[in-house]
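*Asks:* I need the structure of the sequence given here:
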Amino acid sequence: MEQTLQFSFVGGKKRIKVDEIIYIETARHKNIFYVGDQVYSIYKKLDEIEAELEGMGFVRIHQSFLVNMRCIEKISSYVLYLTTGKELSVPKARYPEVKRKYMLFKGE
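*Replies:* Next comes the predicted model:
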């Protein structure tokens, strides 16, 4: 069953399929949701969003990034490669934990 969550975005409330969220990025007191080819902004702390998405396959790769592990192609040399072609850097301090969570997620 696909999980959907409702968020109160800047443009109004919207239900989003959790699987379709690629990643969430903090920028200037807002969080930007990248969902397919859509972008939504929300005024909410990333910690709160992370708590809402707990157990749904998301990993915090940086203090400003929360990534859907379904959208990760690979992790290598402190860089996370997304299926969209985007590359995000993973800080050294978080790298082992991010890699461990991803391997567990993939069942490796």
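*Asks:* what sits opposite the residue most central in space within the chain in the beta ladder?
*Replies:* Nearest to the centroid of the C-alpha atoms of the chain, with distances taken as Cα atoms, centre = their mean, sits V67, at 2.3 Å. Beta bridges link V67 to Y23, V59, judged by DSSP bridges.
*Asks:* for this protein, what are the low-confidence residue spans?
*Replies:* 1 (pLDDT under 70).
*Asks:* check contacts around the nearest residue to R60 once chain neighbours are set aside.
*Replies:* Spatially, and ignoring its direct neighbours in sequence, R60 is nearest to L66 (5.4 Å; Cβ to Cβ, 6 or more residues apart in numbering). (Each C-beta comes from the backbone N, C-alpha and C, glycine too.) Each residue near L66 by Cβ atoms under 8 Å, 6 or more residues apart in numbering is listed here: 23-24, 46, 49-50, 53, 58-60.
*Asks:* likewise for V67?
*Replies:* V67 sits next to 22-24, 58-61, 80, 82, 88 when contact means Cβ under 8 Å, 6+ apart.
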